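*Asks:* model the structure of this input:
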Amino acid sequence: MSEISMRKRIWGWWFFDWASQPYHTLLVTFVFGPFFAAVAANFYIGEGLESEAAKAQAQTMWSMGLTVTGLLIGFGAPFIGALADISGRKRPWLLGFSLMYVLGAAGIWFMNPDGSNLWAMLACFGLGFIGAEFALIFANSQLPSLGDKDDVGAISGSGFAFGYLGGVLALFIMLLLFVEQGSGKTLIGLDPLLGLDAEAREGTRAVGPFTALWFVVFMVPYFLWVKDDARTGKRGTLGEAISLVITSVKALRRRASLARYLGSSMLYRDALNGLYGFGGVYASLVLDWEITLIGIFGIISAIAAAMFSWVGGIADKRYGPKPVIVAAILVLTLVCITVVNMSRESLFGLQLAEGSTLPDAIFFGCGMLIGGFGGILQAASRSLMVRHTDPAKATESFGLYGLSGRATAFLAPALIGVATTLTGSARLGITPVIFLFLLGLILLHRVEAQGDQG
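*Replies:* Residues are numbered from 1 along each chain as shown. Below you'll find the model as predicted:
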């Protein structure tokens, strides 16, 4: 069997982003998330709650689902990564988590538009989301082997750009051919494809099986071109994995830059996930957008993310990842301040004319910045982690990175849930994200720009 070239291996690794991105684009942010929020809000209105209280309850429920999955991901990631490093095998783990991704996504088809099985659908979503996030940890751990530290920023940025293009294409297909508007027609005036029943919202619910099928098809290049590491001959036990993780955590006392970076990224990536998890929900509950309009918003955001991620990769290669991360956090913080101070009726306390479309235009602009600088932030963060990673312990290191990104992944959803409950406002509920970004930026200040691996 001929040796797989590095170029083909990099393309295979990029295909992981292409295959997996629709879970985030279609399910977390732009189709299922808003659909779930709208169904939940209508369900609670039917239970007798006032409109605003029902919307707040729907957002609280969504935040609860993200909180629980975040806890499971965060505290499982480093131990699973350590087990993989002990054995040298990643593919069996990737296959297992890929199966969770597919089953969870496909299960969304069974969501009842009357809201009678909200918790079951939240569980399906959570199963797939856990699979997607764990699989990402293993894919991320392969980045150090794809190039030297001066090249991984561009490789990481191009990977995110390629993934976002996949997300854009998947979203286009869903909006044009499946997702029904209030009229029962898709965005281009067609009945949902395959004879799906618009009244039963089958076109929108098809987003689950579609996402699952997309993943299965486009993971083929990844599994063909990205091979496993050499086996160590060891199986590894949970006890050994726990011991290895404890040793790694203790070692952080001697690696101040890595410790600060993990703390910083824990906060600002949690804030970013909060934006992704609640952006579409905000549009649905605060601006009263239909799913199709949220989908168009998503397409614009994802195109911006693809372009900005690629440019961010070039900037990373030239200036290094740290200044790129700082710039992205500052922009995203300003976006959050704008979103919190905007409603259908006012902007920064100034009353708008009835029926004004200014909030819609501003939120579209915010969407471009969230998508664009969110992509930059993720790609540059992955690159800066490589500069703090021992290639011999890459999966374990990225397990810690996954822990830092998910150990408090419950924090943004939980804080949003608390703020939403206390204020009774889905709009003001987003406020905690601002403080998480700023705290992350403060900790980042003392992180070594070149890492601690020389």
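*Asks:* so Gly279 makes contact with Leu369?
*Replies:* No - checked against CB atoms under 8 Å, the pair Gly279 and Leu369 is beyond contact range at 11.2 Å. C-beta coordinates here come from the backbone N, C-alpha and C atoms, glycine included.
*Asks:* which one's more surrounded, the two?
*Replies:* The residue with more neighbours, out of Gly279 and Leu369, is Gly279; 28 against 18, by other CB atoms under 10 Å.
*Asks:* shouldn't that one be within a helix?
*Replies:* Yes - Gly279: assigned to a helix according to DSSP: H, G, I helix; E, B strand; the rest coil.
*Asks:* excluding its backbone neighbours, what's nearest it?
*Replies:* With sequence-adjacent residues excluded and distances taken as CB to CB, 6 or more residues apart in numbering, Gly279 is closest to Thr29, at 5.7 Å.
*Asks:* would you mind measuring from that neighbour to Phe36?
*Replies:* Thr29 sits 12 Å away from Phe36, going by CB to CB, to the nearest Å.
*Asks:* who has more neighbours out of the two?
*Replies:* Applying other CB under 10 Å to Thr29 and Phe36 shows that Thr29 carries more neighbours, namely 29 against 25.
*Asks:* the more buried one against Gly274, yeah?
*Replies:* No - using CB under 8 Å, Thr29 and Gly274 do not qualify as a contacting pair, with a distance of 11.4 Å.
*Asks:* what's the burial count for Thr247?
*Replies:* By other CB under 10 Å, the residues close to Thr247 number 11.
*Asks:* and it, how far from Gly279?
*Replies:* Applying CB to CB, the value for Thr247 to Gly279 is 39 Å.
*Asks:* got it, and Pro323?
*Replies:* Between Pro323 and Gly279 the distance is 26 Å, computed by CB to CB.
*Asks:* cool, Leu436 as well?
*Replies:* Note on Leu436: its distance to Gly279, by CB to CB, is 15 Å.
*Asks:* also Leu334?
*Replies:* Summarising the geometry, the distance separating Leu334 from Gly279, computed by CB to CB, is 15 Å.
*Asks:* all helices for the stretch 251-400 of the chain, in order.
*Replies:* In chain order, the stretch 251-400 of the chain shows helices spanning 256-285, 291-319, 321-340, 358-386, 394-406, with DSSP state H, counting those that start in this stretch as the criterion.
*Asks:* tell me, please, where in this structure the pLDDT is lower than the cut-off.
*Replies:* Along the chain, the parts satisfying pLDDT under 70 run over 1-2, 85, 87-88, 149, 229-236, 390-400, 402-410, 452-454.
*Asks:* on that earlier part again, what residues are up against the residue nearest to Gly279?
*Replies:* The neighbourhood of Thr29, defined by CB atoms under 8 Å, 6 or more residues apart in numbering, consists of 276-277, 279-280, 298.
*Asks:* farthest pair within these?
*Replies:* Comparing all pairs in the contacts of Thr29 by CB to CB, the longest separation belongs to Gly277 and Gly298, at 13.5 Å.
*Asks:* ok, these two, which is more surrounded?
*Replies:* Neighbours per residue, other CB under 10 Å: of Gly277 and Gly298, the larger number sits with Gly298, 30 against 23.
*Asks:* just give the nearest non-adjacent residue to that one, would you?
*Replies:* Leaving aside its sequence neighbours, Gly298 sits nearest to Phe30 (CB to CB, 6+ apart; 3.2 Å).
*Asks:* how about Gly367?
*Replies:* In space, and not counting its chain neighbours, Gly367 is closest to Ser301: 4.2 Å by CB to CB, 6+ apart.
*Asks:* hmm, the one you found is touching Ile370, no?
*Replies:* Yes - distance between Ser301 and Ile370: 6.2 Å, which falls inside the contact criterion (CB under 8 Å).
*Asks:* neighbour count: these two, which is higher?
*Replies:* Applying other CB under 10 Å to Ser301 and Ile370 shows that Ser301 carries more neighbours, namely 30 against 25.
*Asks:* so what's the more buried one up against?
*Replies:* Ser301 sits in contact with 30, 367-368, 370-372, where contact means CB under 8 Å, 6+ apart.
*Asks:* how near is the residue nearest to Leu293 when sequence neighbours are not counted to Ala302?
*Replies:* Counting by CB to CB, 6+ apart, Ala283 is the residue found nearest to Leu293 once chain neighbours are left out, at 7.6 Å. According to CB to CB, Ala283 and Ala302 sit 15 Å apart.
*Asks:* same question for Ala40.
*Replies:* Relative to Ala302, and taking CB to CB, Ala40 is found at 25 Å.
*Asks:* the two: which is more packed in?
*Replies:* Regarding Ala40 and Ala302, a neighbour count based on other CB under 10 Å identifies Ala302 as having more, with 30 against 24.
*Asks:* what sits against that one?
*Replies:* Ala302 makes contact with 25, 164-165, 167-168, 171, 371 under the criterion CB under 8 Å, 6+ apart.
*Asks:* the closest residue to Ala419 other than its chain neighbours: what's it in contact with?
*Replies:* If the residues on either side of it in the chain are set aside, Ala419 comes closest to Gly429, at 4.5 Å by CB to CB, 6+ apart. Residues counted as contacts of Gly429 (CB under 8 Å, 6+ apart) are 56, 59, 278, 416-417, 419-420, 423.
*Asks:* mind redoing it with 6 Å?
*Replies:* Gly429 makes contacts with 416, 419-420, as judged by CB atoms under 6 Å, 6 or more residues apart in numbering.
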